[in-house]
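Asker: Quick one: sequence and predicted model below, then my questions.
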Amino acid sequence: MIMIAKDKFNKLFINKIFIRIFWMAIFMLIWEMIYLSHSFSPLILPSLGTILKSMYSNLLSGELIKETLYSLNLIFKGLGIGIIISITLASLSFVSKLFEGLVETLTAIAHPLPGIALLPLIILWLGATPHAIVFIIIHSVVWPLALNTYSGFKSIPKVYRQIGENYELSILQIIYHILIPASLPYFLTGLKIGWARAWRALISAEMIFGATGENGGLGWFIFKRRVFMDTPGIFAGLIVIVLIGILVENLVIVNLEKLTIRKWGMSI
Amino acid sequence: MILEMKNLTKSFKGSNSKSLVLEHINFNVNRRDFLCVVGPSGCGKSTLLKLIACFDKFDSGSILLNNKVVTAPQLNRIMVFQEFDQLFPWKTIVENIAFPIRVNNISMSKKESYEIAKKYISMVNLNNYENYYPHELSGGMKQRVAIARALAINPQILLMDEPFGSLDAQTRTTLQEMLIEIWEQTNITIIFVTHDIHEAILLSNKILVMDKNPGRVKKIIQNMLPRPRNPMQPGFSDIYYEVYNLL
Amino acid sequence: MTKIFQGKYKAILLIFLYFLYFSSLLMGCSHKNEEKVTERLRIAEQYGLAYAPLQIMKTNKILEKNLPSIEISWQQVSNTTAIREAMLSNKIDAGFMAIPPFLIGLDKGMEWKIASGLSYSPTKLITNKNNIKSLKDFTKEDKIALPQPGSVQHILLSMACEKELGDSHKLDNLILTLSHPDAMNSLLSGNGVTAHFASPPYIGEELKDDKMHLVLDGRNVMEGDFTFIVGVTTKELYTKNPKVYYGFVKSISEAIDFINKNTEKSAEILAPLYNLSKEETYKLLTAEGNKYNTKVEGLEKFSQFMLKNKYISKNYTLKEVLWNDNDSKR
């Protein structure tokens, strides 16, 4: 009897989701204990209750949802354009050694630059519009993604290309029908990195940039809360940022992997 | 149809020196020939096949197909490679075969290409596996799909580079029998590279024996043994020893 | 004994040590207050014409004179929000800011009050678009640059909106957060913001350009003079360190006296800090609307407006936000 219970208990603990929830509960417990011990002002560390209340009221007023959707809209726009540019850069590098050199040089210069460092310059060039933010998102995505995709192109088995040539496919057909699907594992790795960088850059840019019109995104939401000393509101915003990060990385991208590279037996 | 190899020479430029891989290769292949190329390892037989497919360039000489010089890979000479991973893993079996049929034929619909593909799947005895992915198949099954894919385009020449080399004896035998059957039923010409003398005698109507360092044509042996063949039949061991002594 | 350093015992020992280390950090945080409070004064340093007395204080070493054995430190803080946060984490004792951000902090539970007034300063809304003569001429396409939401410029703009347009939040969606230098560049470039709620010397620089003109004057919105910058200290400083607190207040008063009585000399001292000539600095110091005084004016008007528009939750009278009532009666 005890053996069965013990076995079930162990199995429960191995379940990944349960483990995560377990540690989050511990974390929340420690948080609340620190709050109750009054080591910090509630303006720095508010109670979980006030944070949740703030989340609830911000959701209800629609503001949190509006700003979240605004941010998501910007990032998916940037992601889409970034993906197209990356694949184009990788393809051109594949076709011409001269272009490969160009892309490698560009990447070496641009990759280490954090997007927000470029923000003041970009505002000067593109004006104070959401276009400036989308530009920063594209910059955050393109370099890791192009790099990874090109790596993928280079590491495909030589046979695939020979088969493509055997079928008298043009270079564009080879890229579209063979190279891109074959390098999908690398592409998805690059996408994960690009997404993470873009999301962080977006929120930071929104904090600095300010609202243009009615919306300013999640970063601006947090910034306003900070200025008006609404610390529970800040945490509410942060929680949403984390949730979206988790959702995209663990739901969207992982499912993308499941539908493609795992189905095809291609995971790295 | 006639495929002519005229005085082919190829060198390989290594990091230190230049080495002659193939020298003065001359032979012809006629329609419906089943030519097996045998030779010691390193004699350049795979390289020769790649030159015929035009995946590689030779230094001097020429290759003529029906009196026309060939310079680039073409649909009339399809290669079946040795590795198992020559199928596209992101496509199902039927899609792997249908894709090359359809890709340069704008008028053909997906459905039509699938119909054709299914016929070839039948030919290699893989019915019911249409919607599987390559990673779900065994090595022997993958090679069968590769052969089906090559045949589905209706090439004039099938180039096979030790396709059964990595398979176990039983599967190899099954596939050899299947290949012979297909060859007998269609008009196809096959150039088959192998290091296995038994296999060469089993399959071929002509055996090209190669020498190495540099790779040269030593002798072309006609193989007129009656089919179906087996190693016990009279005449088999004679040819075997003839080839063996040349190597 | 050696068994402790092997295998899983090592892991347990390490975890235990880390735990001790981190809890000591946490405990340390709340006990740092007790160290050496009476020996120091930490002030947030800020630049600009409105903070001129601070520079005078520094250059003439007024604090050192009034508080001889105290450790004086000036810390770079970028804006009012940063001052609030630095006070909360016990990094500074005193800072200078406009009245609205002070009220917002007070309303949210900051334990601070005003120690002294510092300066009155002109603040004006300037635009580069010809057809904008008053607030109602702004359209959705326009952008108004100001330091941040909740700043005195934002509140003044809201007040004007309420008066002229009937809705204090009417132009909120046109606001763009930019520092004064960035805002000026954007305004002058012609393809950025269309208006800037500016302070000197940016007001002067911008109006030099023919294409620019005035839309709003802060004094008109407030219907009179109002204190632009006040000096604020933590409760800690006032209650636990009254000697230092009074020394601080006295020093501010002396610095202000110095500027008012020795304006030319002050211009000489300040000119290199602002990168302007002595004459230009003198002009700015004596410009209309620019004066230095320890009085605190206009607080109640701000408070009433901000309460009405829900920026704060209750009303504040001048008396309840001063540490020492006597100081205001100069």
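Answerer: Great, that's in hand.

Asker: Return the distance of the residue in the stretch 1-150 of chain A positioned nearest to chain C relative to A:Met33.
Answerer: Closest approach between the stretch 1-150 of chain A and chain C, counting by Cβ to the nearest Cβ: A:Ser39, at 4.5 Å. C-beta here means a position set from N, CA and C on the backbone, and glycine is covered the same way. Distance of A:Ser39 to A:Met33, computed by Cβ to Cβ, to the nearest Å: 10 Å.

Asker: other SSEs contacting the strand ranked longest in chain C?
Answerer: The residue-count maximum for a strand in chain C (DSSP state E) belongs to strand C:112-120. Judged by 3 or more Cβ pairs under 8 Å, 6 or more residues apart in numbering or on different chains; DSSP states H and E, strand C:112-120 is in contact with helix C:52-59, helix C:99-107, strand C:229-234, helix C:235-240, helix C:242-261, strand C:291-292.

Asker: State the mean pLDDT of the last one.
Answerer: The predicted model gives strand C:291-292 an average pLDDT of 92.

Asker: and after that strand, which helix or strand comes next?
Answerer: Next helix or strand after strand C:291-292 toward the C-terminus (DSSP states H and E): helix C:299-308.

Asker: Tell me what angle that following helix forms with helix C:99-107.
Answerer: Orientation check (axes from the mean of the first three to the mean of the last three Cα atoms, to 10 degrees): helix C:299-308 against helix C:99-107 gives 60 degrees.

Asker: Tell me, please, where in the stretch 1-150 of chain C the pLDDT is lower than the cut-off.
Answerer: Applying pLDDT under 70 to the stretch 1-150 of chain C picks out residues C:1-9, C:23-38.

Asker: ok, now with 80
Answerer: Along the stretch 1-150 of chain C, segments meeting pLDDT under 80 span C:1-38, C:78.

Asker: how about the helices in it?
Answerer: C:7-31, C:52-59, C:62-66, C:80-88, C:99-107 (DSSP state H, counting those that start in this stretch).

Asker: do the fourth one and chain A meet?
Answerer: Yes - under the criterion of Cβ under 8 Å from any Cβ of the partner chain, helix C:80-88 makes contact with chain A via C:Thr81, C:Arg84, C:Leu88.

Asker: in chain B, which spans are helices?
Answerer: Along chain B, the segments classed as helices by DSSP state H run B:45-53, B:93-103, B:110-123, B:139-152, B:169-185, B:197-203, B:236-246.

Asker: Kindly reformat those helices as a markdown table containing mean pLDDT, mean neighbour count and distance to C:Ala195.
Answerer: Below are the helices of chain B laid out as a markdown table (pLDDT from 0 to 100; neighbours: other Cβ atoms under 10 Å in any protein chain shown; distance: least, Cβ to Cβ, whole Å):
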| stretch | mean pLDDT | mean neighbour count | distance to C:Ala195 |
| --- | --- | --- | --- |
| helix B:45-53 | 92 | 22 | 71 |
| helix B:93-103 | 92 | 22 | 60 |
| helix B:110-123 | 92 | 17 | 60 |
| helix B:139-152 | 93 | 23 | 69 |
| helix B:169-185 | 91 | 15 | 81 |
| helix B:197-203 | 93 | 22 | 87 |
| helix B:236-246 | 89 | 14 | 94 |
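
Asker: just so I know, which of those lies nearest C:Asp107?
Answerer: Nearest to C:Asp107, of all these, is helix B:93-103, at 66.8 Å by Cβ to Cβ.

Asker: wait, does the closest one contact chain A?
Answerer: Yes - using Cβ under 8 Å from any Cβ, we find that helix B:93-103 touches chain A at B:Phe99, B:Pro100, B:Val103.

Asker: Let's verify the residue of the stretch 1-150 of chain A closest to chain C: helix, strand, or coil?
Answerer: Using DSSP: H, G, I helix; E, B strand; the rest coil, the structure places A:Ser39 in coil.

Asker: Look up phi and psi at it.
Answerer: phi -70, psi -30 (degrees, to the nearest 10).

Asker: same deal with A:Ile156?
Answerer: phi -70, psi 140.

Asker: before we move on, what about A:Ala25?
Answerer: Dihedral angles (degrees, to the nearest 10) for A:Ala25: phi -60, psi -40.

Asker: quick revisit: so which of the helices of chain B comes closest to chain C?
Answerer: Taking Cβ to the nearest Cβ, helix B:139-152 is the member of the helices of chain B nearest to chain C, at 45.1 Å.
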